[in-house]
Structures are given as C-alpha cells and as structure tokens.
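>>> Structure for the following, please:
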Amino acid sequence: MTTPTQPGPQPLEADTAPGIRGLPRIIFVTGTDTGVGKTRTTAALASALSGHRKGPVAVYKPAQTGVAPDEPGDIDEVRELSGVDRVSEGVRLLHPMAPPAAARREGAVLPGLDDHVRHIRAEAETAAHVLVEGAGGLLVELDGEGHTLADLAARFPDNSATIVVARSGLGTLNHTLLTLEALGTRKLRVGGLVIGCWPSDPDLVETDNLKFFYGLNTPLLGVVPEGTSVLVRPDLLDQFPTVDEQNPNVKLSTSARIRVGGYQTVM
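Here you go, the predicted model:
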C-alpha cells in the first residue's frame, strides 16, 4: 500500500486543468453506451466549471427515461453531486428505453430538435457553460424524427464540443473508437475523453486500456473514481482514496503504480 507524501488532490477546476479550461461554452456529454457514468461525469464537469469567473453553469437533459414523475432523475443527481442548481430537462418518460420507444408506450409527445436548440441557446445567453447530457450513446434518437445528440451538437458548430464518457474494461476500445469515428465523420469537435468509473483495483485490461487512451489524439481529461463524483487526473489517483459505496466510511486505496504516457496511475 502506498502512502501519499502530500495532501490528496482536489477535484479538477477549470482554471487549473488545461483540458477543462479550453472547453467551449456548450458541452455535450455522450457515452459509449448506457450506464457508463455520464451523469457523474456531467456532475464532475459542472463542479469543475462552476467556479468559472465568466458566469454560472447550466445543465440540460433533453430526454430522461426510466424515471417516474415523482422520482429523482439524472438532473437531480447532478444538482446533488455538483451543487449546481441551474438544471433542467426536456421531457421525462417512465419506461427505461430509448426516448421514442418510451414515448410511444405512454402516448407522450417528444420535444423536437428545434425545441432543444432554443432551450440551449436561451441558457447560453446567461451561462458561462451549458452542459447537455445525452440519453444512452451518441446515436440514440431523441425525438420521433430520428434526430440524435449528434444532430443536436451539429446545430452549434462554432461554440460546442462533445465529451465522450467511456468504460474502463473489456470492450471499451471498440466502443470508444466507434463513437469518436461517428463524431469525426460528422465533423463535430471532440472536447476529450473521460473514464466514467475507474475502479479502486483495476485489472490488467483496464490498465492497458488506459495506456491506449493516452495514445489517442483525443485528450483524456480525467477519470471519475469509483464511488465519487469528481474528475481526477489519472496521475493523482494514488493520492485519491475511493469510497466504498456499500460502506461510505471505508476508504479504498491502491497498491502498485506504473508509468503511463508521462503520468502516474494505478495498477
């Protein structure tokens, strides 16, 4: 077990992390799959950007599925984890499915692409940054006309970027490269990669995947350690104990360290 020689790191902040500081006003957050940690990553980004001296941060979820009207959704989790109160959603649907399928099952009308564009533009008038969290992956349809988060991002060609949230384990390389290729084909700016849930005891596959991500042209902005909602530079992970969600009073530590692309990370 390693012992930190200095106090553990604080979450990344916009003024101290070049990759975060360079993000444009409108930031789309997509994932390589569902359940990859988009909401916690959105909360971590919101927290990092909320101290930006240019103004407040707004968070928008175009379509929330799998949540009843009286239950907390992703934007509620973002609010709780980040402390950012300026959160909103376009539509909320009960069934945990893609928005068009969920809407059909309850006879709901989905907002159109123009509705989402108007809302984001309105938020951007007074917010330093607007974070837009997608539903599932990049090409999941948001409305009944086949429009996706990629189509929504394409409506903001000059002042937006997309953050791709990836898994750490087996299969993530293919899923991540496919997502990056889809963004590149559409000439959409990629703001960076984030590993949405980095385990306290990563295996060899996960460690090797991290090496691979460092070798990409797309910057790896950071990782969200398991059980947390902060964005941490991988070289600081060994100083950042992870919380065991089953027992929040128990702090998990890492054991061995290796060098990856000039950074120090855990193995």
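>>> Which helix or which strand is home to residue 163?
Assessed by DSSP states H and E, residue 163 sits inside strand 160-166.
>>> chain center to the following helix or strand past that strand, what's the gap?
Using DSSP H and E, the next helix or strand after strand 160-166 towards the C-terminus is helix 172-185. Centre-to-centre, helix 172-185 and its host chain are 15 Å apart (C-alpha atoms, centre = their mean, to the nearest Å).
>>> from the middle of its chain, how far away would stretch 174-193 be?
Centroid separation between stretch 174-193 and its chain, computed with C-alpha atoms, centre = their mean, is 14 Å.
>>> Pull the residues that contact that stretch.
19, 23-24, 27, 30, 32-33, 137-139, 150, 153-154, 160-167, 213, 216, 218-221 (C-beta atoms under 8 Å, 6 or more residues apart in numbering). Where C-beta positions appear, they are placed from N, C-alpha and C, glycine not excepted.
>>> Next, the contact list for the nearest residue to residue 124 once chain neighbours are set aside, please.
Nearest residue to residue 124 in three dimensions, chain neighbours excluded: residue 130, at 5.1 Å (C-beta to C-beta, 6 or more residues apart in numbering). Counting by C-beta under 8 Å, 6+ apart, residue 130 touches 25, 26, 27, 57, 58, 59, 60, 120, 123, 124.
>>> about what we covered before: show the average pLDDT along the strand holding residue 163.
Strand 160-166 shows an average pLDDT of 98 in the prediction.
>>> do stretch 101-113 as well
For stretch 101-113, mean pLDDT rounds to 97.
>>> Stretch 213-223 too?
The average of the pLDDT scores along stretch 213-223 is 93.
>>> buried ones in that stretch?
Residues of stretch 213-223 classed as buried: 213, 214, 218, 220, 221, 222, 223 (neighbour count, 16 or more other C-beta atoms under 10 Å).
>>> Mind checking which of these land in strands?
Counting by DSSP state E, the part of those found in strands is 220, 221, 222, 223.
>>> Where in the chain is the helix or strand with the lowest mean pLDDT?
The helix or strand of the chain with the poorest confidence is strand 257-260; it has a mean of 26 (mean pLDDT, DSSP states H and E).
>>> Ends of stretch 190-206, what's the gap?
Terminal residues of stretch 190-206 are spaced 23 Å apart (C-alpha to C-alpha, to the nearest Å).
>>> do the same with stretch 46-56
End-to-end distance for stretch 46-56: 9 Å, by C-alpha to C-alpha.
>>> again, but for stretch 61-69
From its first residue to its last, stretch 61-69 covers 15 Å (C-alpha to C-alpha).
>>> And stretch 226-233, by the same measure?
14 Å.
>>> Let me know the average pLDDT across that stretch.
For stretch 226-233, mean pLDDT rounds to 81.
>>> Save the buried residues of stretch 213-223 as CSV, and put in distance to residue 189 too.
Below are the buried residues of stretch 213-223 laid out as CSV (distance: C-beta to C-beta, whole Å):
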residue, distance to residue 189
213, 18
214, 20
218, 11
220, 16
221, 14
222, 18
223, 22
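>>> nearest to residue 172, of those?
residue 213 (8.7 Å; C-beta to C-beta).
>>> buried stuff in stretch 88-106?
Of the residues in stretch 88-106, those with enough neighbours to count as buried (16+ other C-beta under 10 Å) are 89-95, 97-100, 102-103.
>>> My read is that residue 233 contacts residue 222, right?
Yes: if you go by C-beta atoms under 8 Å, residue 233 and residue 222 touch, sitting 5.4 Å apart.
>>> which stretches of this structure form strands?
Secondary structure of the chain (DSSP E): strands located at 26-31, 57-61, 64-65, 87-89, 92-93, 129-137, 160-166, 190-198, 220-225, 242-244, 247-252, 257-260, 263-266.
>>> what does the second one contact?
The one in question is strand 57-61. Against strand 57-61 from outside (C-beta under 8 Å, 6+ apart): 42, 46, 49-50, 73-75, 78-79, 82, 84, 86-90, 116, 119-120, 123-124, 127-133, 135.
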